[in-house]
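K.L.:
sequence first, then the predicted structure:
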Amino acid sequence: MEPMPATSTALVPHRARRADRAEGANLRDAAPALLEAIADLVRRVTRNVDRLTTDVVADVNAIGKDGERLAAAARAQWEGWASTGRATPRIAKVVREGAQLLALYRWHLLRAKFGGYDRVPEAVHQQLAARARDACIELRGGVLKLGQVASCRPDLVGPIWAAALAELQDRVPAVPGDAVIDRLEAELGGPVGELFASFEREPVAAASLAQVHLATLADGREVAVKVQVPGIDEIIEADISALAALAAIAGDLIPGADLGTFARELGAALREELDYVREAASAREMSAMMVAPLFVPEVIASHSRGTVLTSARVIGARLGDHLTAADAGERARVIGAMIDGVARQVFVHGVVHADPHPGNFLVATDGRVAVLDFGCVLRLSDAERRGYARLLGKLFTGDGNGAAEQLLALGFVGDRTALVTMAELICAAMKPGVAAADVDYGAQMKGMMAEVQRAARSGGIQVPPGFVLLGRVLATIAGLVVAYKPALELFRLIGPHVARAT
């Protein structure tokens, strides 16, 4: 990842954060008015459009109601924000940027309908997606994490947005080395020069919540030290509140998407990712489940604490770089191993690595595939494991109606016809004897989403909370299959694990 010099003033040691808290306290009384002003920004988009047709007037009313819903959501959460001392300027900035982006999108949609079109032009999508990407880079924290999650869901946000947001996997600004070292020394209880034989002040990778520095222990072992960005805990709490408010006004823009549930689940996952003691335990647990060529780098307990996690260094290539340079046989080997690993996690163990973006995998020089970052782990009950196994069994046999029944049993809510359509389209790739390389996933996804969105407008589809995380996993693996078309038969990889679960 290429570090960038820009940093947020909130991402600094405690001395500066005390000043930020004082500023937040001074602004607290004025904040409700500030939030009302932000909401009014959305309402102003509706002025001088009374000439438009009935359908367009309906869209204008939707924009106006955005302001009302945003203000109501802000007021509902304000008491909690004020009482906990969260950063008022941060919340206001996130809400303001999100509201502006939503208002711009609705305005372009309104203009398109006035011109006789039912969708926003691709060029406008590209401009808005670029703005959203830049905002994620500037704001970092939970906002950037949300952008990274969205980049793995082209089925949800569309290919243009997914492509723009995919840059967030690499373009995360680094935090200055001194701030990170201050946190590391406070957490581990000693000077960095005594803790490590060598420590590189410039990070080798920067992520939304942490960054990684290479180091050497006194015994000569090479390690990677992940240090949590200073002040990120306060930023995450502010972002969770801001995103919840924005979700209240954006739900109808993505038919079938339960953005309220998505925001709540993302918030819970973000809080878990800040606990490195939990992450270290999850890494050790999942290490025992891995089957070659997958493996988890050893956690160095002596140099790991609540906000610092040290593990054995892996020398190798990032997953995307390796697959791009590899031949067809090597692509099939690596992607096959990842599919097999996910199937074991879901159907056999019920413990799933739930943050599987390509940056969390390295292909080592010996051919093994290192699985990194266990801050977000999904745990399935036995009933859920068996339920998903039964669902896959129906998909394998092409039973769309039976698969829809299983989706309902697993907690999916909404139009049954849309659920059947989803299941039947997925069935084509799951049948025994069908090679993944022979399936036109792009065409299937386009048709599926068109049908789902049509049905969702009338009945709506909501997914159970756990599937928000599981969907991230499946979307990432499906993305690899779409991009590289490995010579694999999915039934042969997944089927044995499904059979064990049932």
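P.N.:
Received it, and whenever you're ready, just let me know what you need.
K.L.:
how is this protein carved up into domains?
P.N.:
Structural domains assigned to the chain are 14-173+232-266, 176-228+275-290+307-313, 315-502, following automatic domain parsing.
K.L.:
I'd assumed Val143 was in contact with Leu209.
P.N.:
No. The pair Leu209 / Val143 is not scored as a contact, 11.4 Å apart, by CB atoms under 8 Å. Bear in mind the C-beta positions are built from the backbone N, C-alpha and C, glycine included.
K.L.:
so which of these two has more stuff around it?
P.N.:
More crowded of Leu209 and Val143, by other CB atoms under 10 Å: Val143, with 26 against 22.
K.L.:
residues contacting that one?
P.N.:
Residues near Val143 by CB atoms under 8 Å, 6 or more residues apart in numbering: Val94, Ala135, Cys136, Asp239, Leu243.
K.L.:
6 Å instead, please
P.N.:
Applying CB atoms under 6 Å, 6 or more residues apart in numbering to Val143 gives the contacts Val94, Cys136, Asp239.
K.L.:
as JSON lines, the residues you listed with secondary structure would be great.
P.N.:
Formatted as JSON lines, these follow (DSSP: H, G, I helix; E, B strand; the rest coil):
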{"residue": "Val94", "secondary structure": "helix"}
{"residue": "Cys136", "secondary structure": "helix"}
{"residue": "Asp239", "secondary structure": "helix"}
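K.L.:
out of those residues, which are buried?
P.N.:
Neighbour counting over the contacts of Val143 (16 or more other CB atoms under 10 Å) leaves Val94, Cys136, Asp239 as the buried ones.
K.L.:
the domains of the chain: lowest mean pLDDT?
P.N.:
When the domains of the chain are compared on average pLDDT, domain 14-173+232-266 comes out lowest at a mean of 66.
K.L.:
how close does Glu200 get to Ala207?
P.N.:
16 Å (CB to CB, to the nearest Å).
K.L.:
let me fix that, I meant to ask about Asp340.
P.N.:
Counting by CB to CB, the gap from Asp340 to Ala207 is 26 Å.
K.L.:
those two: which is more packed in?
P.N.:
Neighbour totals were compared for Asp340 and Ala207, and Ala207 leads with 25 against 19 (other CB under 10 Å).
K.L.:
for the more buried one, what are phi and psi?
P.N.:
Dihedral angles of Ala207 (phi, psi; degrees, to the nearest 10) stand at phi -120, psi -180.
K.L.:
what's the separation between it and Ala389?
P.N.:
Distance, Ala207 to Ala389, by CB to CB: 33 Å.
K.L.:
next one: phi and psi at the closest residue to Pro464 other than its chain neighbours?
P.N.:
Nearest non-adjacent residue to Pro464, counting by CB to CB, 6 or more residues apart in numbering: Gly411, 3.2 Å away. Dihedral angles of Gly411 (phi, psi; degrees, to the nearest 10) stand at phi 110, psi 0.
K.L.:
what's the end-to-end length of stretch 363-382?
P.N.:
Stretch 363-382 stretches 32 Å from its first residue to its last (CA to CA, to the nearest Å).
K.L.:
actually, stretch 483-497.
P.N.:
So stretch 483-497: terminal residues 25 Å apart, CA to CA.
K.L.:
what do you get for stretch 205-212?
P.N.:
End-to-end distance (CA to CA), stretch 205-212: 5 Å.
K.L.:
repeat that for stretch 209-227.
P.N.:
End-to-end distance for stretch 209-227, by CA to CA: 9 Å.
K.L.:
could you list the buried residues of that stretch?
P.N.:
Buried residues in stretch 209-227, counted by 16+ other CB under 10 Å: 209-215, 217, 223-227.
K.L.:
out of the residues you listed, which are inside helices?
P.N.:
Nothing among the buried residues of stretch 209-227 maps onto helices, per DSSP state H.
K.L.:
out of the residues you listed, which sit inside strands?
P.N.:
In this view, those that belong to strands under DSSP state E are Ala210, Gln211, Val212, His213, Leu214, Ala215, Val223, Ala224, Val225, Lys226, Val227.
K.L.:
next, format those residues as a markdown table and append distance to Arg344.
P.N.:
Output for these, formatted as a markdown table (distance: CB to CB, whole Å):
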| residue | distance to Arg344 |
| --- | --- |
| Ala210 | 27 |
| Gln211 | 31 |
| Val212 | 27 |
| His213 | 32 |
| Leu214 | 31 |
| Ala215 | 32 |
| Val223 | 28 |
| Ala224 | 25 |
| Val225 | 29 |
| Lys226 | 25 |
| Val227 | 31 |
